[in-house]
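**Student:** Coordinates for the following, if possible.
(chains A and B)
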Number of protein chains: 2
Amino acid sequence: MRLAADPETLYPVALQRRVERYLSEELPFAAVAGTERLVEAMRYSLLAPAKRVRPVLALATAGALGHDPDEVLPLAAAIEMIHTYSLIHDDLPAMDDDDLRRGQPTCHVAYGEDVAILAGDCLFAEAVALVLREQIGPPQRVLAALRELIEATGLAGMVGGQFLDVSGAAESGEIERLARMHSLKTGALIAASVGSVLTLVGQDGPATMPYRAFAAELGLLFQIVDDILDVSGNEQQLGKRRGSDQRLRKITYVTAHGLEGARRLAAETHERALAQLARAPGETAELRRIADYVLARQR
Amino acid sequence: MRLAADPETLYPVALQRRVERYLSEELPFAAVAGTERLVEAMRYSLLAPAKRVRPVLALATAGALGHDPDEVLPLAAAIEMIHTYSLIHDDLPAMDDDDLRRGQPTCHVAYGEDVAILAGDCLFAEAVALVLREQIGPPQRVLAALRELIEATGLAGMVGGQFLDVSGAAESGEIERLARMHSLKTGALIAASVGSVLTLVGQDGPATMPYRAFAAELGLLFQIVDDILDVSGNEQQLGKRRGSDQRLRKITYVTAHGLEGARRLAAETHERALAQLARAPGETAELRRIADYVLARQR
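**Tutor:** The predicted model follows:
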């Protein structure tokens, strides 16, 4: 299929802006006297320019199923807070040791390593608290949605995937281990961005299984494109260093399949994602635009 | 009052053993292939010798109010997991840079700094997931209890207190800022160990306010005794380095009041804690023994 020339025009910007307004203006960080600089570090990383793919997915999923996207804002914001916490910790000197993220110095470069560790810890705690405090819905469903989200961030999700990464999964040369690492580190949270909303709105049954399958393809697509951009992207657009995979000698979809092979794989994965959406009930046009954007994005 | 010669005999050991059996044998860490060493690091810190004061408090609170302590095991275990996560992160080179904890090398010394950061992150996520997955109770109450616990670990609790600590609250010489730091860093989680159980069992009303007041006094007592032990304790019994407050030039209850003054303050705080228990409904004998132990402990 042909895509519009500028991938930015594909993106559901209204949902992105809604998330950003909530994060920057409506999120109640109850700073205790003396913790202002910690809150500043949290907001520095959280509000840096970003596409907000995960919370926008959550809002678009709610919208597709006939709900006002605003209904799931606390859950969506929590997902972005958790994603940001993982970026802060992944960038630390003891981990990937990155100095540039979202177009600005990483949190530990700007605020020091101790504050960065605590800013990550605190974003995680405040994300969970936000859902428990603000998310509307039957308590049983709020608990189940939060459980789905948190399980995607723990041992069998984001942190487990990051462990596989730092312990050399990507240098092992085993493509299966690489795929498992990515599906935990990146895929689980993207899947939960869709899945936890299905759970929250009480539409988590056989009829909405294509939503879950779509999210799984989208997570894979996201990672393949990430690997392509790491060798072919523009550092200024990316907002982070290019070539870090090479520097860390990681096997990627590009090293495994070549640049053209990886691009073909991305196109196929994108097609499979759209095929799932075609089977899904509801108004999935915005989810489709997210998938188009993830394929075509330059950052 | 006179205390038994050996403070260890005061402690409700049966509850401690129950917590430890749950943590070591019943806690389901669903390790994904390749994450075994991360689970090992988490268990290394979690299962190291410790008194389990916080989860024992939770079990004793449930027992005092006529519940089988086993009913609150998932919540109690989550509290110990969160406490352990905070110890791992506090000990990191970028924070307090400690090499000994619970009588063994700290997590980052044993497993490396990257694994230690992730072990802490993962203990936190798995603690939240454990409550959401295993804690029995009406959903509304599980939600409220978890909220109380998590709010005690975030900005207005444990992490906020640790930030005040690393940003020099204890070197500022202001005793009020010091007290606020401690009440966030240590007091909030001890308070939540009692408070979240009151919430979970649906007995969080005016009648049980003395339980909350007791927990507040106990948190203060715990910190005063910690400061006393840091100058007068036995390193082997403590399981951590003595004199770290002095090394880090922190103001403590001992530097502020002298050793004898701090001991007098501890005795007074202990008396106030017992006075609250005397006003509390229920069978509070085990909670009293915990307070006696916290005053008399040598580690």
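**Student:** now stretch A:21-29: mean pLDDT?
**Tutor:** Taken as a whole, stretch A:21-29 carries a mean pLDDT of 89.
**Student:** do that stretch and chain B meet?
**Tutor:** Yes: judged by CB under 8 Å from any CB of the partner chain, stretch A:21-29 and chain B are in contact via residue A:29. (C-beta placed from N, C-alpha, C; glycine too.)
**Student:** Please write out the alpha-carbon positions of that stretch in CSV.
**Tutor:** Extracted in CSV, the C-alpha atoms of stretch A:21-29 (Å, rounded to 0.1, in the frame of the first residue of the first chain):
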residue,chain,number,x,y,z
ARG,A,21,-2.8,18.1,28.3
TYR,A,22,-3.7,15.5,31.0
LEU,A,23,-0.1,14.7,31.8
SER,A,24,1.0,18.3,31.9
GLU,A,25,-2.0,20.0,33.5
GLU,A,26,-4.3,17.6,35.1
LEU,A,27,-2.0,15.1,36.7
PRO,A,28,-2.0,15.7,40.5
PHE,A,29,1.6,15.2,41.7
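**Student:** what about residue A:228, neighbour count?
**Tutor:** 18 (other CB atoms under 10 Å in any protein chain shown).
**Student:** Distance-wise, check it relative to chain B.
**Tutor:** 25 Å (CB to the nearest CB, to the nearest Å).
**Student:** can you check residue A:294 too?
**Tutor:** Separation of residue A:294 from chain B (CB to the nearest CB): 25 Å.
**Student:** from what I can see that residue touches residue A:224, true?
**Tutor:** No: if you go by CB atoms under 8 Å, residue A:294 and residue A:224 don't touch, sitting 9.6 Å apart.
**Student:** Next secondary structure element downstream of the longest helix belonging to chain A?
**Tutor:** In chain A, with assignment by DSSP state H, the single longest helix is helix A:253-279. Counting by DSSP states H and E, the next helix or strand C-terminal to helix A:253-279 is helix A:285-296.
**Student:** Counting by contacts, list what that following helix packs against.
**Tutor:** If contacts are counted by 3 or more CB pairs under 8 Å, 6 or more residues apart in numbering or on different chains; DSSP states H and E, helix A:285-296 sits against helix A:53-64, helix A:209-232, helix A:253-279.
**Student:** hmm, back to that, can you tell me which helices and strands the longest helix of chain A packs against?
**Tutor:** So helix A:253-279, by 3+ CB pairs under 8 Å, 6+ apart, packs with helix A:209-232, helix A:285-296.
**Student:** what helices or strands is the longest one leaning on?
**Tutor:** Helix A:209-232 is packed against helix A:53-64, helix A:175-182, helix A:188-200, helix A:244-247, helix A:253-279, helix A:285-296, with contacts defined by 3+ CB pairs under 8 Å, 6+ apart.
**Student:** so what's residue A:49 up against?
**Tutor:** Applying CB atoms under 8 Å, 6 or more residues apart in numbering or on different chains, we find residue A:49 in contact with A:102-103, A:239.
**Student:** any idea which of those residues is the one closest to chain B?
**Tutor:** Relative to chain B, the closest of the contacts of residue A:49 is residue A:102; by CB to the nearest CB it sits at 20.2 Å.
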